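> predicted model and sequence below, questions to follow.
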Amino acid sequence: MALLTAETFRLQFNNRRRLRRPYYPRKALLCYQLTPQNGSTPTRGYFENKKKCHAEICFINEIKSMGLDETQCYQVTCYLTWSPCSSCAWKLVDFIQAHDHLNLRIFASRLYYHWCKPQQEGLRLLCGSQVPVEVMGLPDSRGTCTGSLHGYIV
């Protein structure tokens, strides 16, 4: 599967409040890395929202279709331009609970309608289901991004 270009990643994962001109549409993207615990080469890919399928659901369907060895443990890291909507949060939790050989971590560039109760509940559900969700911060002086979701949820 092809990876995002560096320019697309820079534009879409930018989480600054104010964008400079020219403006561009912010897409819902999900980049993932699936790393087997046995040290094999990680699998990487990305999805974007389609008309009737959010990127998270495309991701779930892709992982299901891989036919992963259920006796092997896998670390899955997802980078999203927007945190999951409440519906996708529920589906991600159901998926992870049904596949206990997968360990999922989510990093989001921006929170999706974080002031709305259903979105807050979806994020709490993920965190309460051992799926850490962290908000990517702006680069610090060392060039690394940090941030945690817990400071943004009531």
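Good, I have the coordinates.

> what about Leu104, which SS state?
Under DSSP: H, G, I helix; E, B strand; the rest coil, Leu104 falls in the strand class.

> that one touches Val93, doesn't it?
No - taking contacts as CB atoms under 8 Å, Leu104 lies outside contact range of Val93: 9.4 Å. Heads up, the C-betas are built off the backbone N, CA and C, glycines and all.

> show the subsequent helix or strand relative to the helix or strand of the chain with the lowest mean pLDDT.
The helix or strand of the chain with the lowest confidence, counting by mean pLDDT, DSSP states H and E, is helix 6-12 at a mean of 68. Counting by DSSP states H and E, the element after helix 6-12 in chain order, helix or strand, is strand 29-36.

> measure Thr43 to Cys78 for me?
In this view, Thr43 and Cys78 are 13 Å apart by CB to CB, to the nearest Å.

> what about those two, which has more around it?
Neighbours were counted for Thr43 and for Cys78 using other CB atoms under 10 Å; Cys78 has more, 23 against 17.

> now do the contacts for that one.
Each residue near Cys78 by CB atoms under 8 Å, 6 or more residues apart in numbering is listed here: Leu30, Cys31, Tyr32, Phe59, Leu104, Arg105, Ile106, Phe107.
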